[in-house]
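> need a structure here:
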Amino acid sequence: MCYILWLVVKWFGEIRMLELITNPTEKHLSEIKEWMEEESKIGNEGFNRFWYKIESGFESNELLVLRLNKRVIGFNLFKRLKGVIAFDIIEINPKYRKKGFGQQIIFQSIKHFQAMGFN
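Prediction:
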C-alpha cells in the first residue's frame, strides 16, 4: 500500500509528487543504504551506525519511507508498543535537509497512524 501525502508540491519552482510509502520494498531500503553510506564517507556518520535497526524495522514492517518524485529522500523507523507508536529514527537525505521534509514525514506519519486507529 502506498499512502500519498500530497499529490503535488512546489519545490524550486517545479511541481513534484511527495509520497509516504507504508510498505517499503527492498529497492527502497537499498536507496536508503546508498545515501547513508555516501553520507558516512564524507565524515557525517549519521544513523549509518544503526543500520541493523533499520533492517530490522524493514523486516518487521516498522519502516515508513518518504519519496519525492519517486526518489527516496527519508524514512521513519518506528516501534509498536502495546497499542502505542513510538518514533525511533527519522532521517532525511542530506541533500534534502532544511527544506521542511523532516516536518512532513513526522506530520504525515502521525496522520497515517491516526487513520489506522492510533491516537
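
> How about the secondary structure of Leu29?
Following DSSP: H, G, I helix; E, B strand; the rest coil, the label given to Leu29 is helix.

> Could you pull up the residues touching it?
Ile54, Glu55, Phe58, Leu63 (C-beta atoms under 8 Å, 6 or more residues apart in numbering). (Glycine included, C-beta is placed from N, CA and C.)

> what's the neighbour count on the closest residue to the last one other than its chain neighbours?
Read that as Leu63. Distances taken as C-beta to C-beta, 6 or more residues apart in numbering place Gly57 nearest to Leu63, at 4.3 Å, with adjacent residues excluded. For Gly57, the count of nearby residues is 22 (other C-beta atoms under 10 Å).

> try Glu38
Neighbour tally, Glu38, other C-beta under 10 Å: 15.

> go on, Ile105?
24.

> Please apply the same query to Ile54.
22.

> what ranges do the strands span in the protein?
2-11, 14-21, 63-68, 71-81, 84-92 (DSSP state E).

> before we move on, the earlier item: out of the contacts of Leu29, which end up buried?
Ile54, Phe58, Leu63 (16 or more other C-beta atoms under 10 Å).

> quick one: the first one and Met17, what's the gap?
Read it as Ile54. Separation of Ile54 from Met17 (C-beta to C-beta, to the nearest Å) stands at 24 Å.

> ditto for Lys98
21 Å.

> Now do the same contact list for the residue at minimal distance from the centre of the chain.
Centroid-nearest residue in the chain, with C-alpha atoms, centre = their mean: Phe75, separated by 1.6 Å. By C-beta under 8 Å, 6+ apart, Phe75 lies in contact with Pro24, Ile32, Ile54, Leu63, Leu64, Val65, Leu66, Ile89, Ile90, Glu91, Ile105.

> By neighbours, which of those residues wins?
Busiest of these [other C-beta under 10 Å] is Leu66, holding 27 neighbours.
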